[in-house]
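Student: generate coordinates for the sequence data below:
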Amino acid sequence: MLVEAARTAIADGQPGSAREIATKTARRMLTPVVNATGTILHTNLGRAPVAANQEASYSNLELDLTTGERGSRMDTAGALIARAAGAEAAIVVNNCAAAVLLVLAGLADGRDVVVSRSELVEIGGGFRIPEVMDRSGARLIEVGTTNRTRAADYAKAVDDPGSDVAVVLQVHQSNYRIIGFTESPTTKELASLAAPVVADIGSGLLDSRCPWLEGGPPGWLADEPAARQTLGAGARLVTFSGDKLFGGPQAGIIAGDAELVAQCARHPLARALRPGSLVLGALQQTALAYLNNDGQSIPFWQMASLTVESLRQRASAIGVGTVVDTLATPGGGTLPGVEIPSVGIAIGGDHRNFLRNLGRPIIARIEKDETVVDLRTVQPTDDQYLAESLGSIN
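Tutor: Prediction:
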């Protein structure tokens, strides 16, 4: 790569630029960064922070140690997540879009799926629910309007003699909201229909009671759908992301009715969409933390539950710049418009480029001509590095 950088520089007639070209190439590689943006699930920074260290060893990925026979990778992390979510069974794929794709392909290939027009969302990267559905082989039946859809609209589509409805799909709007003159039925209202309800809850909150947090659910989580309560309301399956409110690595989870989960797992796409041992291992550790009610060992929940006073003490101890009140956000298309009180450090001027080009990049934000680092998303172990880096700004 260094030789290629030198040849490029020479071909451009600027041999002295070789070092700059090589440095830019290196900076495009994956590297740890300090997230000082205040966005906890920052999509550009990998969403939920997860430890991924593992010895170079084999694992019983597809070996049942109790029998010595071949096992299934679907039975490890999936079983733990199912227990934590109050589901009969669960399987894991590589992201939430893949989870929706597999559910539709496994349950509704060549058949109809009913979706409210208000839920035909587009997620990051331009992926749209109608397009995912088209690739699955399912046929889309739109009901209701952009702002108002009633249970009767779903019932009419399901009971239509000319339709062949396999699934009623509820899609969490995630990164946008429609407010004002709106209406949408609850999962419980739809559960009585003659087709199974699949709820794509998106963000991956396991239980609205948050038993893994000592003080219970924070106020900013209000109205966020949770897997346990959605299944309890009558949904046959839920799908959600592993790297959002669940706080694990990138993954998609399908959880709920054991028969329907098994039907999805038997589909040929399940093999194409399955994750490897590193992802499953990280999910297993995250699920065990939930079963232990140990939210503090999940970095997302540890950051999200920090008190403003503890952040203020850290900011004062860093001793550089001006301590300021800030507002952090969940991020990652989760809880749009929600802000979490936080504390940061402000330095006059725009120093984002300088901080981004440090040996270990610090990603900050700009507010009113000041560079602000929000401590809610900075690990306490990085405070000294942050102090040294901010102190070196000229």
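Student: distance between the ends of stretch 224-235?
Tutor: 16 Å (C-alpha to C-alpha, to the nearest Å).
Student: domain assignment for the chain?
Tutor: For the chain, automatic domain parsing gives the domain ranges 73-297, 306-394.
Student: end-to-end on the last one?
Tutor: By that I understand domain 306-394. Distance between the two ends of domain 306-394: 31 Å, counting by C-alpha to C-alpha.
Student: cool, stretch 120-132 as well?
Tutor: Across stretch 120-132, the terminal residues are separated by 11 Å (C-alpha to C-alpha).
Student: quick check: buried residues in that stretch?
Tutor: Buried positions in stretch 120-132, judged by neighbour count with 16 or more other C-beta atoms under 10 Å: 121, 123, 129, 132. The way it works is simple: take the backbone N, C-alpha and C, and place the C-beta from them, glycine included.
Student: which other helices and strands contact the one helix or strand the last one maps to?
Tutor: Residue 132 is part of helix 129-136, with elements assigned from DSSP states H and E. When contacts are defined as 3 or more C-beta pairs under 8 Å, 6 or more residues apart in numbering; DSSP states H and E, helix 129-136 packs onto helix 96-108, strand 112-116, strand 139-143.
Student: ok so, going back, out of the domains of the chain, which is the most enclosed?
Tutor: With neighbours taken as mean count of other C-beta atoms under 10 Å, the domains of the chain reach their highest mean count in domain 73-297, at a mean of 19.
Student: and that one, how far out from the chain's middle?
Tutor: Relative to its chain's centre, domain 73-297 lies at 13 Å (C-alpha atoms, centre = their mean, to the nearest Å).
Student: for that domain, measure first residue to last.
Tutor: End-to-end distance for domain 73-297, by C-alpha to C-alpha: 24 Å.
Student: low-scoring stretches of the stretch 1-150 of the chain, by residue?
Tutor: 124-126 (pLDDT under 70).
Student: try 90 this time
Tutor: By pLDDT under 90, the weakly predicted segments of the stretch 1-150 of the chain are 51-55, 74-76, 118-135, 146-147.
Student: now the strands for it?
Tutor: Using DSSP state E, counting those that start in this stretch, the strands of the stretch 1-150 of the chain run over residues 34-35, 89-93, 112-116, 122-123, 127-128, 139-143.
Student: next one: the stretch 151-300 of the chain
Tutor: Assigned by DSSP E, counting those that start in this stretch, the stretch 151-300 of the chain shows strands spanning 165-171, 197-202, 237-241, 252-256.
Student: low-confidence ranges in the stretch 151-300 of the chain?
Tutor: 172-183, 202-203, 215, 222-223.
Student: circling back to that earlier point, tabulate the domains of the chain (CSV), appending distance to residue 7.
Tutor: Output for the domains of the chain, formatted as CSV (distance: least, C-beta to C-beta, whole Å):
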stretch, distance to residue 7
domain 73-297, 34
domain 306-394, 25
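Student: looking at those domains, which is nearest to residue 50?
Tutor: When the domains of the chain are ranked by proximity to residue 50, the top entry is domain 73-297, at 4.9 Å, counting by C-beta to C-beta.
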